[in-house]
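S.K.: have a look; sequence and predicted model below, questions after that.
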Amino acid sequence: MSIELNHTIVQAEDKKASARFLADILGLEVGPQYGPFIPVEIPNGVTLDYYEGDGDPLVSQHYAFMVSDGEFDAIFSRIKERGLTYWADPYHTRKNEINTNDGGRGLYWDDPNGHKLEIITKPYGAGDA
């Protein structure tokens with residue numbers, strides 16, 4: 001059996017709202033609650049399982065999604081429609097810009113919990129090949 005990432009847990013203040021936020025932006029569905037988790041399944045079968053935690057403070061995480069050019073356009077459109085701030089870089093210095101790293105396009109935005117979300121159309125280092 002090959003090793004594959006199956007799921008990761010994403011801590012949230014409001015798991016339902018946070019799962020809905022990601023699903024709506026990426027054009028995905030929110031799955032039914034499973035135990036204490038609300039899952040959002042990514043097309044490669046990995047789920048992000050939203051969880052409200054055990055009272056621990058939220059720690060910002062980073063989640064990057066590889067998308068096609070068409071998906072990038074659709075996601076970018078939804079980000080702009082919602083009036084969300086986005087950046088071309090992970091340090092949030094290039095506000096309301098996209099990047100063209102490695103011959104693709106990419107951008108970053110924050111979810112309601114302060115998690116850093118990213119979409120890219122080319123993997124890092126693709127321009128070096």
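M.R.: Sure, I can see it. Residues are numbered from 1 along each chain as shown.

S.K.: so which residues of the protein form helices?
M.R.: For the chain, applying DSSP state H gives helices covering 15-26, 69-81.

S.K.: the shortest one: which residues count as buried?
M.R.: Along helix 15-26, the positions that meet the burial threshold by neighbour count (16 or more other CB atoms under 10 Å) are 15, 18-19, 21-23, 25-26. Backbone N, C-alpha and C define where each C-beta goes, glycine included.

S.K.: out of the residues you listed, who's nearest residue 110?
M.R.: residue 21 (10.3 Å; CB to CB).

S.K.: residues in contact with the closest one?
M.R.: 111-112 (CB atoms under 8 Å, 6 or more residues apart in numbering).

S.K.: distance of residue 32 from residue 39?
M.R.: Residue 32 is 8 Å from residue 39, where distance means CB to CB, to the nearest Å.

S.K.: what's around the nearest residue to residue 97 once chain neighbours are set aside, how many residues?
M.R.: Sequence neighbours aside, residue 88 is the residue nearest to residue 97 in space, at 3.9 Å (criterion: CB to CB, 6 or more residues apart in numbering). For residue 88, the neighbour count with other CB atoms under 10 Å is 19.
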